[in-house]
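# got a predicted structure plus its sequence, pasted below:
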Amino acid sequence: MTTFETYSTETRAPRARTILAIVAAAGAAVVTRIRAWKNRRDVARLLEWDAHMLSDIGLTQGDVYCAMAARVDEDPSVQLSMFAMERRFAHQAQVRDRLSRAAELRARHR
């Protein structure tokens with residue numbers, strides 16, 4: 001039994017297109033690393049802020065230290081955003097819980 005494989009120009013990507021895809025992927029990786037490095041530098045500057053300034057943006061110094069402890073190629077600003085968002089959602093949940101308990105207490109005393 002003999003088999004033949006044929007390739008048409010439509011099914012195979014041209015070599016130039018493949019090279020461009022590789023260069024684009026490498027460029028995107030470099031841009032991502034540079035952005036992470038710049039964000040790491042900016043997050044390190046947050047350590048100069050006092051506790052009141054950090055609390056205004058929903059963070060603590062522990063959050064900043066924790067984010068800076070991540071790997072060097074990871075972007076610590078993403079982790080800080082998650083910390084701030086989690087703290088905000090937890091606070092909102094506590095407020096809703098307190099309001100519902102207050103409503104229950106009012107209903108009992110009527």
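Received, thanks. No experiment lies behind these values; they were computed from the predicted model shown.
# find the centremost residue of this structure, please.
The chain has residue 78 as the residue nearest its centroid, 3.0 Å off, counting by CA atoms, centre = their mean.
# mind checking which helix or strand it is in?
helix 76-108 (DSSP states H and E).
# can you give me the buried ones in that helix?
76-77, 79-80, 83-84 (16 or more other CB atoms under 10 Å). Where you see a C-beta, it was placed from the backbone N, CA and C, and this is true even at glycine.
# can you put those residues in CSV and add pLDDT and distance to residue 104?
Compiled in CSV, those are given as follows (pLDDT from 0 to 100; distance: CB to CB, whole Å):
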residue, pLDDT, distance to residue 104
76, 91, 42
77, 91, 41
79, 90, 37
80, 92, 37
83, 91, 32
84, 90, 31
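# out of these, flag the one nearest to residue 14.
residue 77 (39.0 Å; CB to CB).
# ok, now how distant is the closest one from residue 30?
18 Å (CB to CB, to the nearest Å).
# so where's the chain shaky on pLDDT?
1, 4-13 (pLDDT under 70).
# can you pull the buried residues of stretch 42-62?
Quick answer for stretch 42-62 (16+ other CB under 10 Å): 43, 46, 54, 58-59.
# what's the answer for stretch 59-72, then?
59, 63-64, 67-68.
# and which of the buried residues of helix 76-108 is nearest residue 92?
Distance to residue 92, by CB to CB, is smallest for residue 84 among the buried residues of helix 76-108, at 12.7 Å.
# how much space between that closest one and residue 60?
Distance from residue 84 to residue 60, counting by CB to CB: 10 Å.
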